[in-house]
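In: Give me the fold of what follows.
(2 chains, ligands or ions: 2)
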Amino acid sequence: MSVHPLMQALARMYGADRLLTRPAQLMAYESDALTAFQQRPAAVVIPQDREEVIETIRLCHEHETPFVARGSGTSLSGGSLPIADGIVIALNRLDRILRLDAAERIAVVEPGVINLKVSEAAKPHGLYYAPDPSSQSICTIGGNVAFNSGGAHCLKYGMTSNHVLGMTVALPDGEVATLGGESLEGVGPDLPGFFVGSEGLFGVALEITLRLLPIPETYRTVLAAYDSLHAAGDAVTAVVASGLLPGAIEIMDALAIKAAEVGAKAGYPKAPALLIVELEGEAGAVEAEFAQLMQLIEETAPLEVRMAQTADERARIWKGRKAAFSAVGRLAPDYIVQDGVVPRSRLGDALAEIDRLSASYGIEVANVFHAGDGNLHPLILFDGREEGALERAEELAGEILELCVDLGGSITGEHGVGMEKRAYLPKMYGPVEMQAMEDVRHSVDSLSLANRGKMLPAGEAESLTHVGPHPLEKAGVIFRE
Amino acid sequence: MNKVSEVQDAVKEAKRIRVRGGGSKPALSQRRCADDTQLLDLAGLQGIVDYQPEEYTFTARAGTTVAEVAAMLEGKGQYLPFDPPLADRGATLGGTVAAGLSGSGRYRYGGIRDFLIGIRFVDGRGQEIRGGGAVVKNAAGFDFPKLFVGSLGRLGALTELTFKVFPRPPAFATVEAEFEALSDLLTGLDAVTGSAIDLHAVDFAPAEAGWRLWVRIGGLAPALAERAGALQEIISGGAGRTGLLRLYRDQEEERLWQEARTMAWLAEGMGLARVPLTPGRIPAAEDLFARAQPASRRYSVGGNLLWIGWPESGGLGETDGKPDAPRTLHGLLLELGLRGVQLIGQGPRNDGLSEGGEGPLLGGPVQNAFLRRISAALDPEGKFGAW
Ligand SMILES: Cc1cc2nc3c(=O)[nH]c(=O)nc-3n(C[C@H](O)[C@H](O)[C@H](O)COP(=O)(O)OP(=O)(O)OC[C@H]3O[C@@H](n4cnc5c(N)ncnc54)[C@H](O)[C@@H]3O)c2cc1C
Ligand SMILES: Cc1cc2nc3c(=O)[nH]c(=O)nc-3n(C[C@H](O)[C@H](O)[C@H](O)COP(=O)(O)OP(=O)(O)OC[C@H]3O[C@@H](n4cnc5c(N)ncnc54)[C@H](O)[C@@H]3O)c2cc1C
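Out: Ligands and ions are numbered 1, 2, ... in the order given. As a prediction, this is how the structure comes out:
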């Protein structure tokens, strides 16, 4: 046991089973889902209620020790990577749904509540929580808040931010603040909106008020195969231009389709590109939209069209798509996933350029993406055992990020900057913007304790060791989008 | 002022600043201010910078009027789904963002906070800073666009704004229903908003006798009649709950919501305040308003927002024999634990809420440690009237 005074103070608060300091205990916390980065913290604490979280933060502040909040550790950008000699605050035991008010259509939850649990709890009332990251069976609302996480169905109703009404947070010195409330509207600056997506730099969310929506009455899902990615992209343009507002628009390329076939036996048509469009809503409206959608799709000369009218058929179409990420793991030992965004009309240009880069690097890239909002998810395949392969894959990933910025887009649509992309944030924003973010951060957290070294470029880069899917992903429990 | 550099120079030189868009919310922008306050009139900072219909985004200078933008979008079958209010009074985009104003349509897809994706603003040091981006999805960096929604000109001067927009549904229909008692209306409201029907707007207001509810749906025209039928059934659900039901279509329907956007129910010369709440808080609020002899009001966004209006003289009770509606409203909101913002009309007298004893915040000041720290970073000298 360390004699560090902070450790002594923590030991007074936490029993041995909730204060982890031995290397074997810490191992599980050394990485998040971006396993390229590993770091051993001084200790992991496992608080059981918000008072313990607040007190821990207060102590960290008193002893000027950095800390990282951790949900399920599924961050794909190194967001929940520990800080060397810092404290990890594992929030999984703060997993109570404190209030589910069906009449007000809200749920008040602790940060460690699993995303899917909210929808499960709301289901008996005919309600659900809309944001659906494909890690939703394991990731926490606290992690979703920190990254403004999205999912395939965020096209119509938006990301996490659009569904968080209020929060109680502990600022990085332990002072508690209430942001927003229970109404859809607020008074004064939109503070919940500013906290969401701040990647843990503004402190720890202790309690989150979520908006619930009535469960859509019905879905209609269409799968169309095309002879090129370009043709699939044109179909997206046609759908979007028609004024239809689908719940999801997704594209997969040949390599991703192959992966889905190998990994999930999806039974997809063999084609260079697949498009999935899903309509959701009340039956009458969806029927009418579906007729219009089918006509539009026919006009784009697809190789083949399948449609789902039943829940089973719908599940079959989504199965391959949802499994594509993990399935890519079967095509190559390792991969990196990026999630840059480009303007929708530049999707074709972006994909052509990624194709060119892939060829010139001699590295295979599979593409699965949220076409409806221009959010790319290129999967860069490599074999980590080959000398220099990771570095080359990372170089290619960097070029894709720069491509997104050059096309007027963003380096991340939903996975966050984290540790991984912090060198690229200054490519998106100028020195004045970077300084403004530093200033705000410094004013909120004068000692830079909360998630130090993430998002904003600073300090030494961590050493790279290995890249691979999240252990649960390998086991087929969760899927990536 | 019609150049960003002028705004920057003015900010650098000034001790205190009050930002004004066009002044459609004079309780905010034209409050009495201290002698050393420099008024920054941004109405001149006008014009669309970029409009990409196929991207469903546009960028405009902050002084551009909501009316101009709405007309531009309409030409391409697009719209701002949150129904920005007061366009007819010259509301600017910057003023609408700073006042955090969304109208009835907010119910369907979200409010102004959900559609603002990028901003440029001049901070307290006179620097122009960009936040957010130009694409509809972006998780990189702090979300400054959201922070400025509702900032009331007190975090910096917005110079340029980027919004995402949506395709405008080809047709709308509205069901109007009358209820005798508030409790009946609230039961009907719950049934409607809990149903699987996709609702564009849900507003209600006291009527001559009882209450009137308006529920708007939109989509492809052929399906609309049937959907409206289903909607009527749900509203009238609990037998005998409703009196008259009426269906509005086409121009008549459009006019109904145009009047909501312009606040046509607010008579000439009336004050206006905006109070966020939830449906569950309405009975208690109505109890108090009934006792205070309320002026006109309209609930919007499915009971998440209350617009309240009062005659500039009289109404809402009296203070020291002199009518002081905002002061009374301030007291009522304090009692209810609610907060509001006054948009039009004279502020409460001597309420001690802000400098000069006159402030637009009703029901108590916004005191927040997080906000204080942010404000100190963006405007260290408190030129914009620090939070
Ligand atoms: C297979 C797979 C699929 C995925 N699919 C998607 C997807 O479809 N869409 C998507 O957006 N993301 C996806 N992700 C990424 C990831 O699941 C999300 O970023 C998720 O929100 C992280 O949640 P978590 O609980 O694992 O958080 P963690 O990884 O533990 O933490 C993430 C960040 O949040 C911070 N944090 C955690 N709790 C709090 C709190 N209470 N207060 C403040 N900060 C906190 C951490 O410090 C860290 O910076 C996927 C990941 C995997 C592995
Ligand atoms: C009844 C009435 C009749 C009118 N008739 C006319 C007419 O006939 N002709 C005419 O030209 N005008 C008229 N006006 C004034 C015109 O409406 C203004 O141009 C309009 O009010 C625009 O102001 P605004 O709504 O944008 O916000 P404002 O009321 O100016 O401001 C609202 C809030 O936003 C803040 N704010 C505004 N802009 C910014 C910004 N860029 N950055 C940061 N904060 C900002 C302010 O500080 C304030 O807190 C009338 C106004 C009223 C009320």
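In: The closest residue to residue B:334 other than its chain neighbours - how many residues pack around it?
Out: The spatially closest residue to residue B:334, leaving aside those adjacent along the chain, is residue B:363, at 5.4 Å (CB to CB, 6 or more residues apart in numbering or on different chains). No exception for glycine: its C-beta is placed from N, CA and C like everyone else's. Using other CB atoms under 10 Å in any protein chain shown, residue B:363 has 22 other residues around it.
In: Same check on the one 10 residues further on?
Out: Counted with other CB under 10 Å, residues neighbouring residue B:373 total 23.
In: May I have the secondary structure class of it?
Out: Assigned by DSSP: H, G, I helix; E, B strand; the rest coil, the conformation of residue B:373 is helix.
In: Am I right that it is in contact with residue A:171?
Out: Yes. Using CB atoms under 8 Å, residue B:373 is in contact with residue A:171, at 7.5 Å.
In: Now the common contact residues for the two.
Out: By the contact definition CB atoms under 8 Å, 6 or more residues apart in numbering or on different chains, residue B:373 and residue A:171 are jointly contacted by residue A:444.
In: Do me a favour and get the end-to-end distance for stretch B:160-178?
Out: One end of stretch B:160-178 sits 43 Å from the other (CA to CA, to the nearest Å).
In: Stretch A:378-387 now?
Out: 22 Å.
In: now it, how far from the chain's geometric center?
Out: 22 Å (CA atoms, centre = their mean, to the nearest Å).
In: got the buried residues for it?
Out: Applying a neighbour-count criterion of 16 or more other CB atoms under 10 Å in any protein chain shown, one finds A:378-382, A:384 buried in stretch A:378-387.
In: With stretch A:294-302 instead?
Out: Counting neighbours by 16+ other CB under 10 Å, stretch A:294-302 gives A:294, A:296-297, A:300, A:302 as buried.
In: okay, the residue nearest to residue B:334: pLDDT?
Out: Reported pLDDT at residue B:363 in the predicted model: 89.
In: is it true that it touches residue B:340?
Out: Yes. When contacts are counted by CB under 8 Å, residue B:363 is listed as touching residue B:340 (5.5 Å).
In: Overlap in contacts, those two.
Out: Residues touching both residue B:363 and residue B:340 (CB under 8 Å, 6+ apart): A:187, B:275, B:333.
In: By neighbours, which of the residues you listed wins?
Out: Neighbour-wise, those (other CB under 10 Å) top out at residue B:275, 26 neighbours.
In: could you measure that one against residue B:363, distance?
Out: 8 Å (CB to CB, to the nearest Å).
In: list the residues that contact both of those two?
Out: With CB under 8 Å, 6+ apart, residue B:275 and residue B:363 have common neighbours B:333, B:338-340.
In: Quick one, which of the residues you listed are buried?
Out: Members of the shared contacts of residue B:275 and residue B:363 classed as buried by 16+ other CB under 10 Å are B:333, B:338-340.
In: In helices, which of these appear?
Out: Members of those lying in helices (criterion: DSSP state H): residue B:333.
In: restrict the buried ones among the shared contacts of residue B:275 and residue B:363 to those near chain A?
Out: Filtering these for neighbours of chain A using CB under 8 Å from any CB of the partner chain leaves B:339-340.
In: want to try TSV for the buried ones among the shared contacts of residue B:275 and residue B:363, with distance to residue B:101 as columns?
Out: Putting these into TSV (distance: CB to CB, whole Å) gives the following:
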residue	distance to residue B:101
B:333	18
B:338	17
B:339	15
B:340	13
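In: Of the buried ones among the shared contacts of residue B:275 and residue B:363, which ones also sit close to ligand 1?
Out: Among these, proximity to ligand 1 is found for none (CB under 6 Å from any ligand atom).
In: Name the nearest of the shared contacts of residue B:275 and residue B:363 relative to residue A:38.
Out: Closest to residue A:38 out of the shared contacts of residue B:275 and residue B:363 is residue B:339 (46.8 Å), distances taken as CB to CB.
In: need the contact list for the closest one.
Out: Here residue B:339 is in contact with A:187-188, B:275-276, B:333, B:361-364, B:366 (CB under 8 Å, 6+ apart).
In: same thing with residue B:136?
Out: Listed by CB under 8 Å, 6+ apart, the contact set of residue B:136 reads A:341, A:344, A:373-374, B:55-57, B:117, B:164.
In: got these as TSV, with distance to residue A:29 columns?
Out: Formatted as TSV, the contacts of residue B:136 follow (distance: CB to CB, whole Å):
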residue	distance to residue A:29
A:341	30
A:344	39
A:373	33
A:374	35
B:55	42
B:56	42
B:57	41
B:117	35
B:164	38
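In: Show me which of these is closest to ligand 2.
Out: Ranked by distance to ligand 2 (CB to the nearest ligand atom), the contacts of residue B:136 are led by residue B:117 at 16.8 Å.
In: picking that back up, among the buried residues of stretch A:378-387, find the lowest-pLDDT one for me.
Out: Among the buried residues of stretch A:378-387, residue A:384 carries the weakest pLDDT, at 84.
In: any idea how far residue A:286 is from the nearest residue to that residue once chain neighbours are set aside?
Out: Leaving aside its sequence neighbours, residue A:384 sits nearest to residue A:334 (CB to CB, 6+ apart; 4.3 Å). Separation of residue A:334 from residue A:286 (CB to CB): 41 Å.
In: do the same with residue A:276
Out: Counting by CB to CB, the gap from residue A:276 to residue A:286 is 16 Å.
In: Next: residue B:142.
Out: Applying CB to CB to residue B:142 and residue A:286 gives a distance of 38 Å.
In: out of those two, which sits in the more crowded spot?
Out: Neighbour comparison, residue B:142 and residue A:286: the larger count goes to residue B:142, with 26 against 23 (by other CB under 10 Å).
In: Pull the number of nearby residues for the residue lying closest to that one once chain neighbours are set aside.
Out: With CB to CB, 6+ apart as the criterion, residue B:142 has its nearest non-adjacent residue at 5.3 Å, and that residue is residue A:437. Residue A:437 has 22 neighbouring residues, counting by other CB under 10 Å.
In: is it true that residue A:437 touches residue A:456?
Out: Yes. At 6.2 Å, residue A:437 and residue A:456 qualify as touching, with contact defined as CB under 8 Å.
In: Now flag whichever of the contacts of residue B:136 is closest to residue A:195.
Out: residue B:117 (17.7 Å).
In: Give the pairing partners of the helix or strand where that closest one lies; include direction for each.
Out: Take DSSP states H and E as the rule and residue B:117 turns out to sit in strand B:116-122. Here strand B:116-122 is paired, per DSSP bridges, with strand B:128-132 (antiparallel), strand B:157-164 (antiparallel).
In: average pLDDT across that strand?
Out: Throughout strand B:116-122, pLDDT has a mean value of 98.
In: Pull the distance from that strand to the chain's centre.
Out: With CA atoms, centre = their mean as the basis, strand B:116-122 stands 18 Å off its chain's centre.
In: Then stretch A:238-251?
Out: Centre-to-centre, stretch A:238-251 and its host chain are 22 Å apart (CA atoms, centre = their mean).
In: Next step: the contacts of residue B:136 restricted to helices.
Out: Among the contacts of residue B:136, no member falls in helices (DSSP H).
In: could I get the residues you listed as TSV with distance to ligand 2 and neighbour count?
Out: Shown next, in TSV, are these (distance: CB to the nearest ligand atom, whole Å; neighbours: other CB atoms under 10 Å in any protein chain shown):
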residue	distance to ligand 2	neighbour count
A:341	27	30
A:344	28	25
A:373	28	25
A:374	28	26
B:55	24	20
B:56	23	21
B:57	19	22
B:117	17	22
B:164	19	21
